[in-house]
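J.: Provided below for reference: sequence and predicted model.
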Amino acid sequence: NDQMYNNYASYYGGKGGQFPKFFYTDPGVDQYWRRFYVNILKNTQEIIDNYSDDPKYANRVHIAKIWKSYVYSVLVSTFGPVPYVDSLGSNTTTTYTSEEAIYIAILDMLKAAGEGITVSGDKLTTDPVFNGNNLMWKKFANTLRLKISLRISEGFPTLAQNHGVEVMANEAGLISSNTENIAMKWETILENWSFNYRRYIFITANQDVVPYINLNYLLNLKTYRDPRLVALIEPSLSPLIIRDEVFKSGSITEKIIVEYELPYFGRPLGGNATVDGWDLNGNDNILNGVETRRYSRPKVDVFMAQDMSYNLITYAELNFIKAEAQLKGWGGSKTAEQYYYDGIDASFQQYGVTGENEYKNRDGIKWGTSSTGDRHLFGVVNSGISANPLDKITRQRWLASFNQGHDIWCMQKRTRLLPLIDQFAPDGALGLDYASLPERMAYPPFSESVLNNDGFQEAVSNLSQGNSLYSELKINKPYTPTK
């Protein structure tokens, strides 16, 4: 999330390293793959294999299947076809299962868990997510099922609709408030400190790899005077000083120079790089020469704390999911507009800010209205929002889901509606002056091409551009890159 997904979602700007520059490292991908299969999925599968036939463990087996479904939902939407059917035993060689077959399997497991867990039955006593609350595991299963259904609605519309309609017909089975937000939480004891605290607060990290707010994300908050800005973002350690020439109060002829601070400013994804031939205003860039340390960072007590939380699904996000499900004709007790406003309200409540009514009445935010927005630093995109309901829903889900990089990357690949810009300083290995958002992550070279070459080669042959970042997954909406 730190190295790859938050950059793909335009939450972070300008981090160093190959992943943030839209490429990858062979050891990094290999480690990512092994953690999923060896550290997580193998142990989860052992619970399923060893206890499925014992009714005393019925709920805990469902819980293991929910977690298996969640983990595979990340793997398959990141890589495409991956080992599934015979991948968690003792064999090092295995076949790859298609995207569709994996989604069928995990959606069925989530349906069975949502229906099968009994609230008064056996509990997972050492439960780091819900502290043994079986009802919340049921709600997690149902809510995740709806979220995945929407994610695959572009590539597998019938499968998505069948599950989506069923879930929307029983909204009582979904999370229903911010108190039920589904998150993984670290602790204040040293061995369980959060990654972000350990990496960026406890030690003095290299400024080039510290997370800074993406300029484009911040632009979308500033344009609409979004009160969430101060809850999500730290002011600069050294604000920019802006000098303007303005008319003196009461005069239409006499001008004066005024200076004021700009406390919030984000870092461009590709630094201050521009693209030859694009006629970008690089020479007029107000951020040229700004020290890296001066850019605004994510809010420390929310996203850098020892015991910070990583959200899997929030109530705000669920309402935006419901709004889109309603647009698709999947049902629901409210209109898409009502779900949309509920999502904004929930997001404001989640971050403890007020002013939602004024915000919801601004052009572009208000249902049925549009806005021109402000131009990005290089003038490539703007923060305008059309009257298209889906444009509004996706924009608000992006704004409300900060730090959920993978979810937003998947949403953008499916909708292509967020005003994201290309990477103007991509990794040199790409051989490109600029790079579009990757469509997937490459398979790990060592774990698969060496140890599982037959399965690997077959999987690569079924991808549109081979084992490339730009082989589109079945769940991705077709995309024509910027020329």
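T.: Structure's in. What do you need? Predicted, not measured: the structure shown is a model, and the values here were computed from it.
J.: shaky segments in the chain?
T.: The chain contains residues with pLDDT under 70 at 283-284, 481-483.
J.: could you point out the longest helix in it?
T.: helix 58-79 (DSSP state H).
J.: got the CA positions of that one in PDB?
T.: Extracted as PDB, the C-alpha positions of helix 58-79 are listed here (Å, rounded to 0.1, in the frame of the first residue of the first chain):
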ATOM      1  CA  ALA A  58     -18.200 -24.200  12.000                       C
ATOM      2  CA  ASN A  59     -18.000 -20.400  12.500                       C
ATOM      3  CA  ARG A  60     -14.200 -20.400  12.600                       C
ATOM      4  CA  VAL A  61     -14.000 -22.200   9.300                       C
ATOM      5  CA  HIS A  62     -16.300 -19.600   7.800                       C
ATOM      6  CA  ILE A  63     -14.100 -16.900   9.200                       C
ATOM      7  CA  ALA A  64     -11.000 -18.500   7.600                       C
ATOM      8  CA  LYS A  65     -12.900 -18.700   4.300                       C
ATOM      9  CA  ILE A  66     -13.900 -15.000   4.600                       C
ATOM     10  CA  TRP A  67     -10.200 -14.100   5.100                       C
ATOM     11  CA  LYS A  68      -9.200 -16.300   2.300                       C
ATOM     12  CA  SER A  69     -11.700 -14.600   0.000                       C
ATOM     13  CA  TYR A  70     -10.500 -11.200   1.000                       C
ATOM     14  CA  VAL A  71      -6.800 -12.100   0.400                       C
ATOM     15  CA  TYR A  72      -7.600 -13.600  -3.000                       C
ATOM     16  CA  SER A  73      -9.700 -10.600  -4.000                       C
ATOM     17  CA  VAL A  74      -6.600  -8.500  -3.600                       C
ATOM     18  CA  LEU A  75      -4.300 -11.000  -5.400                       C
ATOM     19  CA  VAL A  76      -6.600 -11.600  -8.400                       C
ATOM     20  CA  SER A  77      -7.400  -7.900  -8.900                       C
ATOM     21  CA  THR A  78      -3.700  -7.100  -8.700                       C
ATOM     22  CA  PHE A  79      -2.100  -9.800 -10.900                       C
END
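J.: which helices and strands sit right next to that helix?
T.: helix 42-51, strand 82-83, helix 99-116, helix 134-151, helix 405-415 (3 or more CB pairs under 8 Å, 6 or more residues apart in numbering; DSSP states H and E). All C-beta spots, glycine's among them, are computed from the backbone N, C-alpha and C.
J.: including distance to residue 203 and mean neighbour count, could the ones you listed go into JSON lines?
T.: Listed next are the helices and strands packed on helix 58-79 as JSON lines, based on distance: least, CB to CB, whole Å; neighbours: other CB atoms under 10 Å:
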{"stretch": "helix 42-51", "distance to residue 203": "30", "mean neighbour count": "15"}
{"stretch": "strand 82-83", "distance to residue 203": "34", "mean neighbour count": "23"}
{"stretch": "helix 99-116", "distance to residue 203": "38", "mean neighbour count": "20"}
{"stretch": "helix 134-151", "distance to residue 203": "34", "mean neighbour count": "24"}
{"stretch": "helix 405-415", "distance to residue 203": "23", "mean neighbour count": "22"}
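J.: quick one, which of the ones you listed is nearest to residue 474?
T.: Set against residue 474 and scored by CB to CB, those come closest in helix 99-116, at 4.8 Å.
J.: now the angle from that closest one to helix 58-79?
T.: Counting by axes from the mean of the first three to the mean of the last three CA atoms, to 10 degrees, helix 99-116 lies at 150 degrees to helix 58-79.
J.: A helix includes residue 183, no?
T.: No - the assignment for residue 183, made by DSSP: H, G, I helix; E, B strand; the rest coil, is strand rather than a helix.
J.: tell me the centre residue of this protein?
T.: residue 405 (2.5 Å; CA atoms, centre = their mean).
J.: I'd like the distance between the closest residue in space to it that isn't next to it in sequence and residue 269.
T.: Spatial nearest neighbour of residue 405, chain neighbours left out: residue 5 (2.9 Å); criterion: CB to CB, 6 or more residues apart in numbering. Using CB to CB, to the nearest Å, one gets 13 Å for the distance from residue 5 to residue 269.
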